[in-house]
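J.: Quick one, structure for this:
(2 chains)
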Amino acid sequence: MVNGCRVRSNLLDIQRNSFRSFLKKGLVEELRKIKDIAHEGFRISFQTDNVKYKKPKISAEFALKNGETYSLSVHIPVEVTYNNMFLVRNKYILFAKIPLMTEKGTFIFNGNKRIMVNQIIRSPGVYFEKNRYNDSIFATLIPTFGSWLTFKIDQDEGIFVKVDKIKTAIPLINFLKCLGLSRKKFFLYLNDPIFIETLQESESYGIRLEFFEFYKIFFPNEVNVRFGNARKFLRSKFMDPRKYDLGEVGRFRVNTKIYRSEFFQSNRTLQPEDVLGIAHYLIELKKGMIPFDEIDDLKNKLVRSIGELLQSQFRIILNELESSLKEKLIFLYKNPSEKTFRLSRFFNSYFITNRIRKFFSVNPLSQLLDDTNSLSELTHKRKLSPFGPNGLNKERTKLDVREINTSQYGRVCPIETSEGKNAGLILSLAKDVRVDKYGFLESPFYKVLRGKIETNKGIYFISSAQEKYFTVAPFDVFRSSQSNLLDKNKLLGVKRSKIFSYSFSKNIDFISISTDQFTSLGTGLVPFLEHNDANRVLMGSNMQRQSLILLEKEVPFIKTGREALINRESDATVLAKSSGKVIYSSLKKIVIQEEEYCANIEFFNKNYSFFNLLGCLNEISQKNFKLIKKVNQKIYFLESPKKSNHGVYIQKIPIVHEGEWVRKGQIIADGMSTLRGGICLGKNVLVAYLGWEGYNFEDAVIISERLVFEDIFTSIHMKKFKTFIVNDEKKGENISMFIPNASLKTIKNLKNNGIIKIGSEIKAQDVLIGRIKVKLKNTPKNKMLIAFFGNKVRKDVSLRSPRSLVGIVTSVEILCKKSNCSVLIHVAEKRRIQIGDKIAGRHGNKGIISKIVPSIDMPFLPDGTPVDMILNPLGIPSRMNVGQVFESLLNLSSLFLKERYKIQPFDEVQTSMNSKSFVYKKLNEARKRTKKDWLFNPNYPGKAFLYDGRNCRPFDHPVAFGYAYILKLIHMVKDKIHARVTGPYSSVTQQPLRGKSKNGGQRFGEMEVWAIEGFGAAYLLQELLTIKSDDVLNRSEALFSLINGTYFSKPNIPEAFKLFILEMQSLCIDIKIFTNNYKKFD
Amino acid sequence: MKYLKIYVLRSRLLKDGNLAFFKVKNLQFFDKNFFVTEIRRYLLLDLESWNITNVMFFVTNNLKNTSTFHVVHNFLGLEELKQSLLEITKKFKLLRFKLCSKSYQGNKFFAVLNAFEVKDFLSGDIIFPPHLKLLNSRELLFTKISFNITLKILLKIEAKKASFQKPIKRLNLIIEKDEFFDNYMIFDLTTDGSVTPFNAFIKALQSSNLVTLTNA
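T.: Numbers count the residues shown, from 1 in each chain, chains lettered A, B, ... in the order given. Have a look, this model is predicted:
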């Protein structure tokens, strides 16, 4: 529990601090373990105290552009001796290259932005549980690394120990004797009759037998085991710090659980006393004296961020390195000398670098950054995943793990999680959460003393384990805005020891710092959150992450106060690193002149002893000296337009002008999803809730043509095309603009070298890189062509644009790495909204556009303004997301009153029915000020009689309408729509392949077959299952029949059926088909 | 024979010439809703307006002393300009025009903007053909911050039916509800200046084929 800290909500601190601590402590800690490697007379010592880090040679932008890794190099001095003879003295070697985290918490790995998702796992320590099925009590001792120990207490047989997943159990007494516990201690602590009997029994055996017994569990087939080996094995298994480590957390938790004091603080291996303590605890549990542990409580869960994950990976790599070094030393040198010995022959930095690279590319926690917009980027960095190394197994996750726990309050968002199979597993951190030194999550609270909130005393960060000792109240109970006093005479809702109850204010110890303390970033962006069903808020917060950046940006009329916070930490914006004056600002760079006044240090240093003597060192200010003006120019390069990982166009635009003063931390350049620091994910559009000709049935949405033609929901996308060059003589491939049989239209934009020009407009199937193949395969067709035309036959193997793409080539790059060259082409594309695109509000109200109606036909308001979007009113009652109605009405009044609002979640804290009364009040105010009476009618508040645009008649009933903040989501129909006439077939079944990328066919499943059968359309079904699928002979003939206008030939037996028969035959089932014409299947 | 009687309701104090109210008295019996819908449809759908339909950017490098202009695409970010070309295109498309000469029969114009100097370029800097008048001439289009390049912008202006940037900014209508005094229909028209409300309304009446307008 730490007090006195102001919550600054540094959203990426978890990632940053973790990586920093890895570089400062973790790496050196691991290196110390292989400090001295001694083998066969050789001794290699790494001087771990003098580790040096070198900055990356390239900038992050350069790495991103050129497909390289932004990494830091680690240099360590090494000393090698052979029989006390120096072979290498104190030589710095490049030890490894580690990907370096950028300021915004990302890694640039092979030109892609990646992040390492935080892992949430069971903390090392000891857990006491009860088996649900047989009521047996057991304890699990989990180390940071090493074997898990399970202790089980039976009804009458005593306590047994299991190691890892090995089924054979050994009696606790034997195990303790092997660990070297004295008899005296044993009797002193475990004064239970069961143990005394078993101990007396075991006295008859010697200690040797117990060791052998233990050894046999692991190696059952081994005979003639030596006692020394068995003892060594046990020792290495649990007592060698390199093979078994409880970790700092594990030791702390074992100490607090068993000893109630800091015992064995420095020793992190297993101690016999630990086992004894666990046994004692188990006996107490059996007696029913103490409660069991709740596994899903956050106090038992630990957050492992990038630093810890990298450290544990490093541990494995260094162990591998040690064994590899030992092997190499023997084989390479027999009689080495200082002259002949070469360090590079047995040690190469690639050994470690490659393994780290593998870790970054293979680990499930290392993911491509979701940079659809700035919110998705930050949410991705603040995710918690239980998967990954030492994590949960996806198939074995029980329901208990997924459930919300009360300990999550203020630490993990109870709302934001993914839908589907990972529901409740992948979580999101709450806004102001902090991670303590062990990795437990802490939430900020204010101290309450005698019913008064002590804000002056600062903020206390409390972990879940500490929280159970206090009475904690939510911020909602605090209503007064004048004083910090809570209501003395009223019973307030509080939580103590995980139980919700009512209590008077004098009993409260802590209170939350805000009403939205429990929400994650995405959830916190939803206004009127408390009026929505949690399931829909979940969808809303997830869909905000999928919203596309629009060409015309607009901030919402109603905000929640999180917007600026998100932008500051997102990669999309650029922050000023220090205060200064802008002297240059353009699309490429911003130059800020920093002016610093500092004291004349030379004068100060000369007179230091004199001032010190006088004792006035602290009183001397800089004013006493002649100030020197230091001028620095800081250049901020804005990256050129580029593609995000999800194909969204990204550009940074400066928002400061020359001569402007900026302060440290100010946003100086906007990203695509930000507008002057505010987050803008969608557009405020006029919506009406009414049924319109059935076109908005089942969540479909009708939009006005205005949204299409005025580019209101237009987004820009970028596509990357890459091909390897190219003039390969072996394969006989050339790049050229002279492509055989290509129309002039498709190649008109090619340059002489065969690569497309920058700025050219491309349409479907245009050639991007003209490539021809000179050496053709020896097929009969090619032979014939060569016979006719000689050796000038060329084959077109050009890279063409996909069918659906229409765009402009924005960049062409030729990248050369050694002898391999590749061409990279970027194509930008403007996409207007169209039928089939997915849109959503912030309240989980999603839908697909079903019709685009001319704005003249759309219903219009009593002042003649046509509505932009028609939503189905039936989408609200069953979904229970009433927040959207509040939002649309308040937006409406904000537009007419020219006001902008910031809505506090759970604002019922002020007055009851606060949202409703506030919205009505504002609407009424708008009515009075604008003299538009239809804005608010007390008989049907929030509704008005709208007119049908087609006949100018009013609708029968008043209609709810207003402005809603609508998002265009990344699921666009253009990426998904697909049709096939002919295409590839599977080689085995001869049926069409699956998937758009393979130009596959549409599956006609069993339910579809039932439908056709239901209608009795036998010939249609036969056609679908034969000539349109796997009737190999007739499917090619069908085309000719169509051309010639003849009848289709009679369908043959499908290939899949033949395969089925063959499979049956291979199972020794003799199957024959008897038809009029007997056919045999081979 | 008169079918309609139209009153133009305008206060003398009203400075905005683009706003007018028309009160129409229906002397002949026909469906008021039908009449109103017809007028509205014409005004919002069929009224032609002049819009910029295409913007092309040409750039030359002054450092190389060449006079050849190269076409550049809209997604290019030029360091010499404060705004991106995408943003500039967006601003161009918002400009409104008015045809001055009634004799002009064509439906296409080209205009050009030469950006040599280092300054803020306003919409008034565009060189238009004499028949066309720019309505919003004080709009800031872009800022050029360097002499390194010369920019030429070619604009294509076409007369099109209103799909984008309609000449009628707002149109509202009221039909008297009362059974006894239901002879009035009130049109509330606001235009963007390319056409006067009166002219627009007359055009709508002419096209509706419901009434025949005479000079009388």
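J.: Let me see the ranges of the strands in chain B.
T.: Residue ranges of the strands in chain B, as given by DSSP state E, are B:4-9, B:19-26, B:48-61, B:70-72, B:97-99, B:108-115, B:120-122, B:132-134, B:140-143, B:149-161, B:168-175, B:184-191.
J.: who touches B:Leu99 in this structure?
T.: B:50, B:131-133, B:159, B:194 (Cβ atoms under 8 Å, 6 or more residues apart in numbering or on different chains). Every residue, glycine included, has its C-beta placed from N, CA and C.
J.: picking that back up, mean pLDDT lowest where, among the strands of chain B?
T.: Set side by side, the strands of chain B give their lowest mean pLDDT on strand B:4-9, at a mean of 78.
J.: From the chain's centroid, how far away is that one?
T.: Offset of strand B:4-9 from its chain centre (Cα atoms, centre = their mean, to the nearest Å): 25 Å.
J.: Neighbouring strands - and their directions - for that strand?
T.: strand B:19-26 (antiparallel) (DSSP bridges).
J.: so what's A:Arg402 up against?
T.: A:423-425.
J.: Okay, and the beta partners of the closest residue to chain A within chain B?
T.: Per Cβ to the nearest Cβ, B:Asn172 is where chain B lies closest to chain A, at 3.2 Å. Beta bridges link B:Asn172 to B:Asp188, judged by DSSP bridges.
J.: I'd say it and A:Lys932 touch.
T.: No - with contact defined as Cβ atoms under 8 Å, B:Asn172 does not reach A:Lys932; the gap is 10.8 Å.
J.: Counting neighbours, go ahead and name the busier of the two.
T.: Neighbours per residue (other Cβ atoms under 10 Å in any protein chain shown) separate B:Asn172 from A:Lys932, with B:Asn172 holding more: 18 against 15.
J.: Where is the longest helix in chain B?
T.: When chain B is parsed with DSSP state H, its longest helix is helix B:197-208.
J.: Not counting sequence-adjacent ones, nearest residue to B:Gly39?
T.: Small correction: residue B:39 is Ile, not Gly. B:Ala204 (4.8 Å; Cβ to Cβ, 6 or more residues apart in numbering or on different chains).
J.: cool, A:Val74 as well?
T.: With Cβ to Cβ, 6+ apart as the criterion, A:Val74 has its nearest non-adjacent residue at 4.6 Å, and that residue is A:Phe95.
J.: One more: A:Ala63?
T.: Nearest non-adjacent residue to A:Ala63, counting by Cβ to Cβ, 6+ apart: A:Tyr70, 4.1 Å away.
J.: what's the answer for A:Thr471, then?
T.: A:Thr471's closest residue in space is A:Arg496 (Cβ to Cβ, 6+ apart), at 4.5 Å.
J.: In contact with that neighbour, which residues?
T.: A:468, A:470-472, A:503.
J.: these two touch, right, B:Thr143 and B:Leu81?
T.: Yes - the criterion here is Cβ under 8 Å, and B:Thr143 meets it with B:Leu81 at 6.9 Å.
J.: Who has more neighbours out of the two?
T.: B:Leu81 (24 against 16).
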